[in-house]
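*Asks:* Need a 3D model of the following:
(one chain, ligands or ions: 1)
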Amino acid sequence: MKFNYCPICGNKLEIKYSWDEGGVPYCPIDDIMYFNTPKPCIMVAILKDDKILLLKQSYIFKNSKVLLSGYVTSGETIEETVHREVFEEAGIKVKNLEYLGSRYLEAKDIEMIEFMAYYDTGEIKRSSEVEGMNWEYIDNALDEMVEDEIGKSIVSKVLKKIQR
Ligand SMILES: [Zn+2]
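*Replies:* Numbers count the residues shown, from 1 in each chain. Next comes the predicted model:
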């Protein structure tokens, strides 16, 4: 989040220079520095035998399938976000989370934190915000995800890890 106004008093923020951070948005009334922070978001590749869970969400990509993703909420760890989002969107439990890396998406000011995980228990029960959800053969996944560059790069990392 980029701060222009003080969330407490509503005043326009000044830029205050601190020796190690450079210019930082600052409210002189409340004496608070507001550091610009990206929105943390998780994306997870979920594996089950030789398949991977792909979602269809036309508002993200019209002709492409995507991996499951969601925003980190206050009060939870990144790992808890993964488990919560997977259960909320897909109705299943996963295990053996593995961190794959992170990247900053400038257009949306998102810090994307990438994981892979393995199916544990439960039947797929997709949330209403998801149009479709299927276990697809992981060898075909890249072809199904033409528009999803980030998802494809995560799947490529997964393919390397499981050596396919
Ligand atoms: Zn203020």
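*Asks:* Just to be sure, Val86 is in a helix?
*Replies:* Yes. Val86: assigned to a helix according to DSSP: H, G, I helix; E, B strand; the rest coil.
*Asks:* Okay, and the beta partners of the residue lying closest to it once chain neighbours are set aside?
*Replies:* Among residues not flanking Val86 along the chain, Val94 sits closest, at 5.3 Å (Cβ to Cβ, 6 or more residues apart in numbering). Placement of C-beta: from N, CA and C, glycine included. Counting by DSSP bridges, Val94 forms beta bridges with Tyr119.
*Asks:* count of neighbours near Val94?
*Replies:* Using other Cβ atoms under 10 Å, Val94 is surrounded by 24 other residues.
*Asks:* Contact partners for it?
*Replies:* Counting by Cβ atoms under 8 Å, 6 or more residues apart in numbering, Val94 touches Val44, Ile46, Val82, His83, Val86, Ala117, Tyr118, Tyr119, Asp120.
*Asks:* Using ChimeraX, make a named selection holding only the buried ones among those.
*Replies:* Selection of buried members from those for ChimeraX, criterion 16 or more other Cβ atoms under 10 Å:
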select :44,46,82,83,86,117,119
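*Asks:* follow-up on the earlier one: next one: the residue nearest to Val86 from Met33, what distance?
*Replies:* 38 Å (Cβ to Cβ, to the nearest Å).
*Asks:* Please apply the same query to Val66.
*Replies:* 37 Å.
*Asks:* hey, where'd the strands end up in the protein?
*Replies:* 14-18, 22-27, 32-33, 39-48, 51-56, 65-66, 68-71, 93-105, 110-121, 132-137 (DSSP state E).
*Asks:* domain assignment for the protein?
*Replies:* 1-36, 39-161 (automatic domain parsing).
*Asks:* Could I get those domains in CSV, plus columns for mean pLDDT?
*Replies:* Output for the domains of the chain, formatted as CSV (pLDDT from 0 to 100):
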stretch, mean pLDDT
domain 1-36, 91
domain 39-161, 94
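*Asks:* looking at these, which is buried most?
*Replies:* Ranked by mean neighbour count under mean count of other Cβ atoms under 10 Å, those are led by domain 39-161, which reaches a mean of 16.
*Asks:* who's in contact with the residue nearest the centre of the chain?
*Replies:* With distances taken as Cα atoms, centre = their mean, Ile42 lies nearest the centre of the chain, 2.4 Å away. The contact partners of Ile42, taken as Cβ under 8 Å, 6+ apart, are Ser69, Gly70, Tyr71, Val72, Ile78, Thr81, Val82, Glu85, Met112, Ile113, Glu114, Phe115.
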